[in-house]
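In: here you go, sequence then predicted model.
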Amino acid sequence: MPGHNARMHAKALASGADEVVLDLEDAVAPDAKERARDVIAATLADPAWTGATVAVRVNARDTPWHEDDLAWVATLPTAARLSIVVPKVQSPADVRAVADALAAAGAPADLAVQALLETPTAIADARAIAAVRGRLATLIIGFADLATALGRRGAQNDPSTWLPAQEAVLAAAREHGLQAIDGPHLTLGDPSSLAEAALRARDLGFDGKWAIHPEQVPVLVRTFRPSSAEVAHARATLAALDAAATVGDAAVRVSGQMVDEAHRDHAARVLAGSGDGPPGEEPTADVIPVALPYYEDLAVGDVFTAPGMTLDAGLATLHRSIVGDRLALALDAPLAREVTGMGAALAHPMLVCDVAIGQSTAPSARVLGNLFYRGLAVRPVPLGTTLRTRTEIVAKRRAKTAGGGSPRGLVVLRVTTTDEHGDAVVDFHRCPLLPARADRPDEPGDDLGAIPADLDDARVTALVPADWSLAPLRALGGPLATNVRAGAVFAIEARETVTAAPELARVTLNQALTHTDAGGSHHGRRLVYGGQVIGIAAAHVTRVFPSVATILAWRSCDHLGPTFEGDRLATTVEIERVTPLADGALLDLRARVAVDRGDAGSTPVLDWRLVALLP
């Protein structure tokens with residue numbers, strides 16, 4: 001786990017892994033190395049880590065951080081069972097140098113060293129490296145760097161490709177009584193290939209296998225933990241050998257097989273790896289993790305679909321209870337029929353948007369935030385309409401990582417929502433910011449500037465239904481097209497308290513972890529779905545304009561800060577432009593929303609520019 005990311009440390013501890021490796025090397029940018037040490041120290045000072053098996057991967061011997069890493073780990077106060085992983089070990093001299101540096105720094109005698117063999121030189125010299133006496137306890141094979149050094153391609157698709165290197169490391173470890181750990185499986189989201197690689201490593205004789213993500217841990221634990229039958233056989237073997245030894249026999253029959261002292265070490269290793277499972281416990285059924293995509297898992301051209309959703313009265317009522325909208329055509333079915341000629345009340349445009357966005361979240365379930373929405377225009381539809389959404393990856397680019405932060409990437413989604421007849425209802429782009437597994441600043445990316453930034457006025461005007469008659473709405477009062485002016489600003493006195501945030505995400509099919517799982521949010525608590533803040537702003541718009549017919553489009557939508565459950569939202573609405581129509585007018589409005597924190601002041605959270613139809 002990256003040494004500078006405390007949140008990931010906690011996830012690793014909770015994963016059920018036999019050992020957690022906290023990294024100072026490849027997963028930490030150069031300018032974050034010192035900070036990573038401080039974060040690791042704070043993590044290991046937490047009582048939750050008492051008794052945990054932890055290794056710190058230091059930087060390699062040929063880097064400027066190596067000596068300081070060793071001196072720091074040597075005196076690191078912790079109640080965890082600590083060891084050191086030394087990467088890119090090339091020779092016995094590297095292991096001896098580490099041991100000498102630890103001794104000079106006053107490291108405790110039981111601070112063990114694990115050697116990571118990830119170069120052709122190291123594999124060729126594995127026996128000599130394993131022969132170094134003292135602190136060395138484990139040999140680990142590192143596939144990623146080894147593949148690069150060998151120029152090997154496609155090795156992840158065929159585990160047998162690594163057999164010679166695995167045999168060399170395993171034999172060296174066994175010859176000198178060391179633990180042997182197989183390298184990680186580098187493909188995520190594919191538990192079948194992971195299980196195949198793990199089973200192969202286990203059957204070869206490895207004691208375990210590295211995981212690169214918590215989602216891999218259940219498969220590896222299940223594969224390497226002996227079954228109840230294996231544990232029972234190992235116990236019977238040791239008991240039979242002990243009994244035979246008392247009468248001078250060296251071989252004995254166990255479960256129809258002849259065993260002798262050569263089987264004792266294997267039986268002991270089986271019991272050592274058996275964990276806490278009681279005798280006779282049956283192995284559990286396969287657990288296949290349902291993984292969510294990181295930035296690297298998405299490719300331009302990928303297409304995602306979601307279940308269709310019919311906008312019924314129950315859904316509309318629940319949505320209204322959460323955001324508090326007062327749009328007349330969505331509330332009053334007879335009035336809606338009189339104005340629109342449709343056979344039902346209007347489906348609130350914000351409900352339509354929330355469902356369309358929710359249906360588009362399969363590729364962005366790990367979203368950290370949305371950089372932009374572009375081109376969002378909503379065709380008015382009645383309740384009873386069924387929405388179906390297609391989401392396509394149209395561009396992606398790495399995001400800059402500042403100050404040693406976690407790697408991230410931008411992905412542009414083209415979201416197309418149609419009704420049950422296949423006619424377009426919403427068609428827009430949005431750009432979620434997603435976590436990445438690795439920081440590759442030199443990786444080529446797409447030009448996000450090619451995504452149209454402005455909403456064409458003609459497109460908005462074309463959405464105004466020609467057969468609507470807005471006259472009945474004028475009786476509702478408030479400002480009308482004949483008496484509004486650009487530049488007017490309205491401040492809504494009433495605040496709105498944010499409640500039922502996870503419920504809105506769930507009911508609109510929104511899969512973003514940050515809205516329903518505090519552990520999936522980088523804020524440490526659930527983040528309110530931005531559509532809820534927009535929905536509350538839309539409800540405030542109807543307080544200013546009670547007769548407004550509908551909202552047709554978003555010019556822009558900027559989320560300026562996080563909103564959390566229980567926040568009180570205050571809104572101001574400005575008229576930026578009035579475009580007269582034959583019946584009514586289009587209003588370009590700007591809604592600014594802030595969290596009102598009383599004596600602590602207010603914090604802006606939304607700047608939303610929308611287009612509304614006013615009689």
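Out: The structure has been received and is ready for your questions. Keep in mind that what you see is a predicted model, and the values were worked out from it rather than measured. Numbering: from 1, shown residues only.
In: please make it C-alpha for all contacts and neighbour counts, starting now.
Out: Will do.
In: so what touches stretch 539-548?
Out: With contacts defined as Cα atoms under 8 Å, 6 or more residues apart in numbering, stretch 539-548 is touched by 323-328, 473-480, 490, 492, 571, 573, 591, 612-615.
In: inside helices: which ones of those residues?
Out: Cross-referencing the contacts of stretch 539-548 against helices under DSSP state H gives 323, 328.
In: of the contacts of stretch 539-548, just the buried ones, ChimeraX syntax please.
Out: ChimeraX command restricting the contacts of stretch 539-548 to the buried ones, with burial defined by 16 or more other Cα atoms under 10 Å:
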select :323,324,325,326,327,328,473,474,479,480,571,573,591,612,613,614,615
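In: taking the contacts of stretch 539-548 one by one, which sit in strands?
Out: 490, 571, 573, 591, 612-614 (DSSP state E).
In: so which of those residues comes closest to residue 61?
Out: Of all these, residue 61 sits closest to residue 591, with 56.9 Å by Cα to Cα.
In: confidence score at the closest one?
Out: Looking at residue 591, its pLDDT is 96.
In: same question, residue 30
Out: For residue 30, pLDDT reads 91.
In: for residue 299, see how far away it is.
Out: 29 Å (Cα to Cα, to the nearest Å).
In: please apply the same query to residue 22.
Out: 30 Å.
In: which of these two has more neighbours?
Out: Using other Cα atoms under 10 Å as the criterion, residue 22 and residue 299 rank with residue 22 on top: 27 against 14.
In: helix, strand or coil for residue 93?
Out: helix (DSSP: H, G, I helix; E, B strand; the rest coil).
In: could you do residue 83 as well?
Out: Classified using three-state DSSP, residue 83 is strand.
In: can you classify the residue sitting nearest the centre point of the chain as helix, strand or coil?
Out: By Cα atoms, centre = their mean, the chain has its centre lying nearest to residue 366, at 3.8 Å. Per three-state DSSP, the secondary structure class of residue 366 is coil.
In: could you report the pLDDT at it?
Out: 88.
In: ok, now how distant is residue 567 from residue 188?
Out: Separation of residue 567 from residue 188 (Cα to Cα) stands at 37 Å.
In: just residue 574 next, same as before
Out: 48 Å.
In: show me what counts as buried in stretch 451-467.
Out: 455, 460-461, 464.
In: what about the longest helix along the chain, average pLDDT?
Out: Looking only at the chain and at elements set by DSSP H, the helix with the highest residue count is helix 228-246. Averaged over helix 228-246, pLDDT sits at 73.
In: same check on stretch 74-88?
Out: 88.
In: could I get that stretch in PDB with only the CA atoms?
Out: C-alpha atoms of stretch 74-88 as PDB (Å, rounded to 0.1, in the frame of the first residue of the first chain):
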ATOM      1  CA  ALA A  74      15.500   0.500  12.400                       C
ATOM      2  CA  THR A  75      14.100   2.500  15.300                       C
ATOM      3  CA  LEU A  76      10.500   2.800  14.300                       C
ATOM      4  CA  PRO A  77       8.400   2.400  17.400                       C
ATOM      5  CA  THR A  78       5.500   0.000  16.800                       C
ATOM      6  CA  ALA A  79       3.500  -2.800  18.400                       C
ATOM      7  CA  ALA A  80       3.200  -4.500  15.000                       C
ATOM      8  CA  ARG A  81       5.300  -7.500  13.900                       C
ATOM      9  CA  LEU A  82       7.700  -5.600  11.600                       C
ATOM     10  CA  SER A  83      10.000  -6.600   8.800                       C
ATOM     11  CA  ILE A  84      11.700  -4.900   5.900                       C
ATOM     12  CA  VAL A  85      11.200  -5.600   2.200                       C
ATOM     13  CA  VAL A  86      14.300  -4.700   0.200                       C
ATOM     14  CA  PRO A  87      13.600  -4.200  -3.500                       C
ATOM     15  CA  LYS A  88      15.900  -4.900  -6.500                       C
END
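In: measure the residue nearest to the centre of the chain to residue 412 for me?
Out: In terms of Cα to Cα, residue 366 sits 14 Å off from residue 412.
In: in stretch 591-598, which residues are buried?
Out: 591-596.
In: for stretch 426-442, same thing?
Out: 426-437, 439.
In: just to revisit the earlier point, what packs against the longest helix of the chain?
Out: In terms of contacts (3 or more Cα pairs under 8 Å, 6 or more residues apart in numbering; DSSP states H and E), helix 228-246 is packed against strand 251-254, strand 257-260, helix 264-272.
In: please redo it, this time with the cut-off set to 7 Å
Out: Applying 3 or more Cα pairs under 7 Å, 6 or more residues apart in numbering; DSSP states H and E, one finds that helix 228-246 contacts strand 251-254, helix 264-272.
In: alpha carbons of that helix, as CSV, please.
Out: What follows is helix 228-246, C-alpha atoms only, in CSV (Å, rounded to 0.1, in the frame of the first residue of the first chain):
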residue,chain,number,x,y,z
SER,A,228,-9.7,-29.0,6.6
ALA,A,229,-8.7,-32.3,5.0
GLU,A,230,-5.2,-31.1,4.4
VAL,A,231,-4.9,-29.9,8.0
ALA,A,232,-6.3,-33.2,9.4
HIS,A,233,-3.8,-35.2,7.3
ALA,A,234,-0.9,-33.0,8.5
ARG,A,235,-1.9,-33.5,12.1
ALA,A,236,-2.3,-37.2,11.6
THR,A,237,1.1,-37.3,9.9
LEU,A,238,3.0,-35.6,12.7
ALA,A,239,1.2,-37.7,15.4
ALA,A,240,2.0,-40.9,13.5
LEU,A,241,5.7,-40.0,13.0
ASP,A,242,6.0,-39.0,16.7
ALA,A,243,4.4,-42.3,17.8
ALA,A,244,6.6,-44.3,15.4
ALA,A,245,9.7,-42.6,16.7
THR,A,246,9.0,-43.9,20.2
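In: how far off centre is that helix?
Out: When C-alpha coordinates are averaged (Cα atoms, centre = their mean, to the nearest Å), helix 228-246 and its chain have centres 46 Å apart.
In: over to stretch 439-453?
Out: 21 Å.
In: which residues sit against it?
Out: 374, 395-398, 407 (Cα atoms under 7 Å, 6 or more residues apart in numbering).
In: make it 10 Å
Out: 26-29, 300, 372-375, 394-401, 404-412, 414, 428-431, 555-556 (Cα atoms under 10 Å, 6 or more residues apart in numbering).
In: surely residue 344 touches residue 334?
Out: Yes: between residue 344 and residue 334 there is a contact under Cα atoms under 10 Å: 7.8 Å.
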